[in-house]
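> turn this into a model:
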Amino acid sequence: MNAQLSPTVQMQFLRPGQLEEAARKFPVVYVPFGLIEWHGRHLPLGNDALKAHGILVKCAEKFGGVVYPPVYFHEGFNRQHLVPVLTELFQRLKKTGFRVIIGVSGHNVKAQIDMIEQALKPVVADGTVAGIGLWEMTLSRCAESDSDHAAKWETSNMMFLYPHLVDMKELGDGPLNLDMKPPSGIGGLDPRKHATPQVGARNVELAAEAIGKKAQELLASLADDHRAFKLPAIAPGHWWLI
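So this is what the prediction gives:
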């Protein structure tokens, strides 16, 4: 079992006409965030952004909208410099015609959500667009949808989304410390015993569903005259880049 992530909702793969068509149907853009970080010896360093991106692609496949390429940063970056850059990105997405901007971080640290929310604040201030910052499981957290650090949940997600990037043999069969400390650097349930592609598939499904419903809710919260894509065209003279 593994996910098929459609290129037809991923902005970097779209032709101009495809981007315009998607935005006119459902003017929502999802922006995945993460960082390059240790996630055990068995998972890729870009796990958090890859996880968020995969969930958002599945969300857009069902609900519409498009997914911006993953953005890599973490809370250790200087906010004085980074937040304005993120605000500029969100402003450009707004000028492109999107009415809802959803920033989703796979790095489950509150400071990263705070940065996204801080960057969104001036963008949504005029009420013509709506936006929110979330962890991937903020809206779906339950017995079947949660997160950890390179343990049951994150390993299951990668087994489903990117199985070719997971190498469980790297963990060996000896004892692992599961308290986030060296040497394992894993926090949660032992992934060798608890992680499966099926667990990941269900987690991704629930997270994507919850985010999609929030996108619909945010779009509906706008005044009628601000719910539609209004840029004349994704074409020179009206649009060039984000």
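> pLDDT below threshold where in this protein?
Across the chain, nothing is flagged by pLDDT under 70.
> for it, longest helix please?
Identified as the longest helix of the chain according to DSSP state H is helix 197-221.
> tell me what that one is packed against?
strand 28-34, helix 47-63, strand 100-105, strand 130-135, helix 152-161 (3 or more Cβ pairs under 8 Å, 6 or more residues apart in numbering; DSSP states H and E). Any C-beta I mention is one placed from the backbone N, CA and C, and that applies to glycine too.
> mind checking the SS state of the most far-flung residue of the chain relative to its centre?
Most distant residue from the mean C-alpha position of the chain: residue 174, 33.6 Å away (Cα atoms, centre = their mean). State at residue 174, reduced to three classes by DSSP: H, G, I helix; E, B strand; the rest coil: coil.
> ok, now how distant is it from residue 149?
Distance, residue 174 to residue 149, by Cβ to Cβ, to the nearest Å: 19 Å.
> isn't residue 26 right up against residue 59?
No - in this structure, residue 26 is not within contact of residue 59 by Cβ atoms under 8 Å, at 10.9 Å.
> and the two? Which one has more around it.
residue 59 (29 against 20; other Cβ atoms under 10 Å).
> dump the residue contacts of the more buried one.
Contact partners of residue 59, counting by Cβ atoms under 8 Å, 6 or more residues apart in numbering, are 30, 65, 207-209, 211-212, 215.
> before we move on, back to that, turn the helices and strands packed on helix 197-221 into CSV, including distance to residue 116.
Below are those laid out as CSV (distance: least, Cβ to Cβ, whole Å):
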stretch, distance to residue 116
strand 28-34, 7
helix 47-63, 11
strand 100-105, 4
strand 130-135, 3
helix 152-161, 20
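> nearest to residue 184, out of these?
Closest to residue 184 of these is helix 152-161 (Cβ to Cβ; 12.6 Å).
> buried ones in the closest one?
152-161 (16 or more other Cβ atoms under 10 Å).
> one more: stretch 178-191?
178, 184-188, 190-191.
> determine which two of these are furthest apart.
185 and 190 (13.6 Å).
> do you know how far the residue lying closest to residue 177 once chain neighbours are set aside is from residue 240?
Using Cβ to Cβ, 6 or more residues apart in numbering and skipping residues adjacent in sequence, the residue nearest residue 177 is residue 184, 4.9 Å away. Distance of residue 184 to residue 240, given as Cβ to Cβ: 48 Å.
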